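# Curious how this folds, go ahead:
(3 chains)
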Amino acid sequence: MITTYLFYLLTFLAIMFAIRVVSTKNPIHSVLYLVMTFFAIAGHYVLLNAQFLAAVHIIVYAGAIMVLFLFLIMLLNLNKETEPHKSVWLKTSAVVASGLLLLVLVGALKGASTIQATNTFNPNIGLIENLGKTLFNDFLLPFELSSVLLLSAMVGAVMLGKKSIK
Amino acid sequence: MSAIQIIPIEWYLLLSTVLFTIGVAGVMLRRNAIIIFMSVELMLNAVNLLLVAFSSYLSDSKGQVFVFFIMAVAAAEVAVGLAILMMVYRNTKSSDINILNKLKW
Amino acid sequence: MIKLVWLIPLLPLIGFIIIGLFGKKLSKGIVGTIGSGVILGSFIISLGIFFELKGGVQKEYTIELFNWISAGKLSIPFSFLIDPLSSLFLLIITGIGFLIHLYSTGYMSHDEGFSRFFAYLNLFIFFMLLLVMGSNYLIMFVGWEGVGLCSYLLIGFWFKNTAYNNAAKKAFVMNRVGDLGFLLGIILIFVTFGSIGYNDVFEQAKNMASGNPTITAITLLLFIGAMGKSAQLPLYTWLPDAMAGPTPVSALIHAATMVTAGIYMIARSNILYTLSPTAMSVVAIIGICTALFAATIGLAQNDIKKVLAYSTVSQLGYMFLALGVGAYTGAVFHVMTHAFFKALLFLGAGSVIHAMSGEQDIRKMGGLGKYIPVTHITFLIGTLAIAGCFPLSGFFSKDEILAHAFEHNKLLWFLGVLGAAMTTFYMFRLYFLTFKNKFRGTHEQEHHLHESPKSMTIPLMILAVLSVVGGLVGIPAVLGGTHFLEEFLSPVFEASSFRLVHHLSHETEYILMGVATVVMIGSIYYAYTTYVKKATLPDAEGEDLKPAHKLIYNKYWVDEIYEKLITKPLNFIADAFHRMVDNQIVDGLVNGVGTAVNWMSGTIRFAQTGNIGFYIFVMVISIVLILFTQLF
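Now for the predicted structure:
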């Protein structure tokens, strides 16, 4: 039972924080709410027996990516006053459009045939050992390629961040 | 006791959809490029959550490995994207995407 | 040798490609050598094939090169048919073609379009070879159109002259009229026989009844094609105008080879024609009418090449007469001898024009005999040959045609002899006016008179020899010969020959030959008294002529009648269509589409605001719509 309650709680938190991310005026607050959302999602990961992934998620997103966001916002000195606003009409239409999207997506998922869960439930797939075996057996090439991607992203970021390109 | 044995997969589908839609709404609602960026991250996470849910549901660790890759790509994307935003800000003194409207007739 | 047959058309094509691509960079000597050399190569192979056919047991080879068109029921291989008929034409085309190439190296040596000329000539030979070598009507048609194109290019060779260009266009357009008939004929053949290969069609046709209306329709349509290409009434007017081209072209294309394509085609389809007496009669009547009609016009022409052109039309008429009375061998025989002496005459005329520095009017010549002796002698031989003087080549072929005509219908024979008399007269008129009496040109021209170079006189001499001995391949039995040609061609005309049996007593044949000879001598004598003894000159331009003279001098006003009757109304209709349909409807449609697109894009481009938020909004709405329409 406790699992069910946890699920409801985490779901509620995730959705609430997510809504706050897009609705709050202050960019700093947005970032913080997003971090909270990520924590809620990490909780879901734990519930799903993906403990290692949950840890990585926290480290990468909350620890690295969101800190980058924070840095940027502080560097650019953005705050509530500098935040640009859209007209009410535009905001209404945006909300209506996304509401329609939600309706259509939910409708589409309702119509989809549900797959049968495998009988042999294995709680250990989220462990580092299993994940590592899969990663280095089946996905070795993509793994190596992702290192190239990260390298090129780093080079790109450095080049863009320079004051002027000679 | 794992959630997947109690909670039906449809719930996770629904949660992911809601999070994704909030991300879409954020992209449409806001003009601040950084917030839009964060909304995109939110959408990515909605998809990640679904992948993990399916992975557990099907007892297949490939889905979780996929999430790793998505994280790697997201990290790269954020690094480059934020650098671009820096440049934009340097040139326009603003993070408003509506200023970037030169690409038209 | 038969294995090398594909080289025959390929060599001229290679020559065309080399000269056409690099002609500007090569010297005239190299261009001339390549141009003539490739034709010589084809000639040698043709000669080998000829002897192989003559000596061998097998008289017919089909060499399939590749599968050309294959769609549904239609399957057309690209293959060559080598039998006595095509091998004889191969010899004529490559042999005369080579001599004329050789002649051209001298005749065109001062022309700036030298390499272009040789490229066209080689291309022409290529297409002409395709025409006679193809084993089905489609390849013949390709060659047929190809030679038409080359004819157009070469008539308008000096394209800076508008009149020459108009002559080229006239030839092209008039040939299209005939080609349409030919094409319809081919289509009808396909519909009727389910194939357009010679072997299939003739094999089926052999078993058909005589007078089948479909066959009559096919043969008449094919004959329309022949009318255009071989300049028969009423589509002959382009040939005299085609003399605008360089003289070697007139000799090669408009006398020796291309214009005989129609005869080749009918001789090739002889079975079909034999099956249709109606079509045969039409061919014979058109042939004799053309022969007489053109001969009368020839009587009063003053341009040396125009006389020869009308003479060609007239001689082609004889060939069609021969085909029409079933003398297929006679027609082919005459094609051969005519190729010899008419090429000789044209080249001789070219040599005269060369000596006269471009003057073509025979009223301004005269007495050239002592200045250009080689040309003079060879021209005389050619004239005697065309007149049908025993034992030159023209005698035998013309005699064969007239004998068959006599047997078929006495009236046709009489008209034929009449035409022969006229031919003799105008040819000797031409000869006497050009080479006898005193020189009538300017002093400057007289000073410039000179014999042509060796490259021009040698072909003349060879052709003169051929004109003399060419008839020996067809000495009829009545004169103690075996008629080698008839024997050689017999496999081709086998299917027709048992339907057309010939029997003339030897006495009758002797009488016919005697009559022809007497008539010829009489004509020569009359021409001699008129133009040498009395030294009469044709009336100068603009003088008042007697009505009959005026009629033929102006070529029966056929060109003017065509102009009034066909060209003017057509132009009027075309103009009306241009103004109404083209300018209003077609242009309106095209411009309307343009305007609509312009207006719409002008409107829609405002949707491209450059506002990223708007783009995303539209994108989301679109996703919703797409999912909605796809899923529900």
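# use CA for all of it now, contacts and neighbours both
OK.
# how about the helices of the stretch 1-150 of chain C, start to end?
C:7-22, C:28-55, C:84-107, C:114-133, C:137-155 (DSSP state H, counting those that start in this stretch).
# Of all these, which one comes closest to chain A?
With CA to the nearest CA as the measure, helix C:7-22 is the member of the helices of the stretch 1-150 of chain C nearest chain A (51.4 Å).
# If you drop the residues flanking it in sequence, what lies closest to C:Gly419?
Among residues not flanking C:Gly419 along the chain, C:Leu292 sits closest, at 5.2 Å (CA to CA, 6 or more residues apart in numbering or on different chains).
# ok and the residue in chain A nearest chain C?
For chain A, CA to the nearest CA, closest residue to chain C: A:Leu101, 5.5 Å.
# got a list of what that residue touches?
By CA atoms under 8 Å, 6 or more residues apart in numbering or on different chains, the contact list for A:Leu101 reads B:21, C:620-621, C:623-624.
# ok, now C:Ile304?
Contacts of C:Ile304 (CA under 8 Å, 6+ apart): C:349, C:360-362, C:430.
# what ranges of chain A fall below the confidence cut-off?
For chain A, the stretches with pLDDT under 70 are A:113-121, A:164-166.
# Name the residue closest to the centre of it, please.
Nearest to the mean C-alpha position of chain A, by CA atoms, centre = their mean, lies A:Phe38 at 6.1 Å.
# Please name the nearest non-neighbouring residue to C:Val352.
C:Thr375 (7.3 Å).
# got the domain boundaries for chain C?
When chain C is parsed with automatic domain parsing, its domains come out as C:2-553, C:561-631.
# picking up where we left off before, which neighbouring elements make contact with the one helix or strand the residue nearest to C:Val352 maps to?
Assigned by DSSP states H and E, C:Thr375 belongs to helix C:373-387. Applying 3 or more CA pairs under 8 Å, 6 or more residues apart in numbering or on different chains; DSSP states H and E, one finds that helix C:373-387 contacts helix C:328-355, helix C:393-408, helix C:410-435, helix C:454-469.
# Dump these to CSV, plus distance to C:Asp179, mean pLDDT and mean neighbour count.
Output for the helices and strands packed on helix C:373-387, formatted as CSV (distance: least, CA to CA, whole Å; pLDDT from 0 to 100; neighbours: other CA atoms under 10 Å in any protein chain shown):
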stretch, distance to C:Asp179, mean pLDDT, mean neighbour count
helix C:328-355, 21, 87, 28
helix C:393-408, 27, 83, 25
helix C:410-435, 28, 86, 23
helix C:454-469, 32, 85, 21
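# hmm, back to that, for C:Gly185, find the nearest of the helices of the stretch 1-150 of chain C.
For the helices of the stretch 1-150 of chain C, the distance to C:Gly185 is smallest for helix C:137-155, at 9.7 Å, taking CA to CA.
# Mind listing what's buried along the next helix or strand after that closest one?
Moving toward the C-terminus from helix C:137-155, the next helix or strand (DSSP H and E) is helix C:162-193. For helix C:162-193, burial by neighbour count (16 or more other CA atoms under 10 Å in any protein chain shown) applies to C:164-190, C:193.
# where does the residue nearest to C:Val352 sit relative to C:Leu11, distance-wise?
Distance of C:Thr375 to C:Leu11, given as CA to CA, to the nearest Å: 31 Å.
# so C:Ile362 makes contact with C:Asn302?
Yes: with contact defined as CA atoms under 8 Å, C:Ile362 counts as touching C:Asn302 (5.6 Å).
# which SS state does the residue in chain B that chain C sits nearest to fall under?
Closest to chain C within chain B is B:Asn101: 4.2 Å, counting by CA to the nearest CA. Under DSSP: H, G, I helix; E, B strand; the rest coil, the three-state class of B:Asn101 is coil.
# dump the residue contacts of it.
B:Asn101 neighbours (CA under 8 Å, 6+ apart): C:609-612.
# Now the buried members of those residues.
Counted by 16+ other CA under 10 Å, the contacts of B:Asn101 give C:610-612 as buried.
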